[in-house]
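1. sequence first, then the predicted structure:
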Amino acid sequence: LRAASGGVETNRSLYYVEGASLDVCGEKLSRKCVVDVDASQDIPLRNSGSDEVICLVLQGKPINEPVAQHGPFVMCVDSRALVARIVEPSSRFLLLNHSTD
């Protein structure tokens, strides 16, 4: 896994999702887990088992903005109230109401 171009300012997490065994920086992982890694460094990954390994890498730079969370929804907030709500429990639609108060 190559170093991120954003270097130390970048947050990076490696999600070990599937497979019998994975070596991360020489440390053997044998169960599914999340590992926070240094995004400024190359991270050696090796499939040390016989099964296919599936990993998910999530990374990004912090935006240094206030954040609001309501249930599974996370969003940036500014001085105007931004409210998210689900129309009805069986619906998959999301309404964003923007208040100018």
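-> Sure, I can see it.

2. what are the ranges of the strands in this protein?
-> Taking DSSP state E, the strands of the chain run over residues 11-18, 22-24, 27-29, 33-38, 45-47, 54-60, 67-70, 73-76, 82-86, 94-98.

3. so what strands line up beside the third one?
-> Take DSSP bridges as the rule and strand 27-29 pairs in its sheet with strand 22-24 (antiparallel).

4. can you report how many residues lie near Val53?
-> Neighbours of Val53 under the rule other CB atoms under 10 Å: 18. C-betas here are computed from N, CA, C, even on glycine.

5. so how far is Asn47 from it?
-> 5 Å (CB to CB, to the nearest Å).

6. please enumerate the shared neighbours of those two.
-> Counting by CB atoms under 8 Å, 6 or more residues apart in numbering, the residues touching both Val53 and Asn47 are Gly19, Ser21, Leu22.

7. with adjacent residues omitted, what lies nearest to Leu56?
-> Tyr15 (4.2 Å; CB to CB, 6 or more residues apart in numbering).

8. partners of that neighbour in the sheet?
-> Applying DSSP bridges, one finds that Tyr15 bridges with Val34, Leu56.

9. that one and Val24: what is the separation?
-> Tyr15 is 11 Å from Val24, by CB to CB.

10. pLDDT below threshold where in this structure?
-> 69-75, 77-101 (pLDDT under 70).

11. let's see that with 80 instead.
-> The chain contains residues with pLDDT under 80 at 65-101.

12. got a list of what the nearest residue to Gln41 once chain neighbours are set aside touches?
-> Of all residues beyond its chain neighbours, the one nearest Gln41 is Ala3 (5.6 Å), with distances taken as CB to CB, 6+ apart. Neighbouring residues of Ala3 by CB under 8 Å, 6+ apart: Ala39, Ser40, Gln41, Asp42.

13. any idea how far the third one is from Tyr15?
-> Read that as Gln41. 18 Å.

14. nearest residue to Ile43 in space, please, no chain neighbours.
-> Leu1 (4.2 Å).

15. sorry, slip of the keys, the one I care about is Arg31.
-> Using CB to CB, 6+ apart, the nearest residue to Arg31 is Tyr16, at 8.0 Å.
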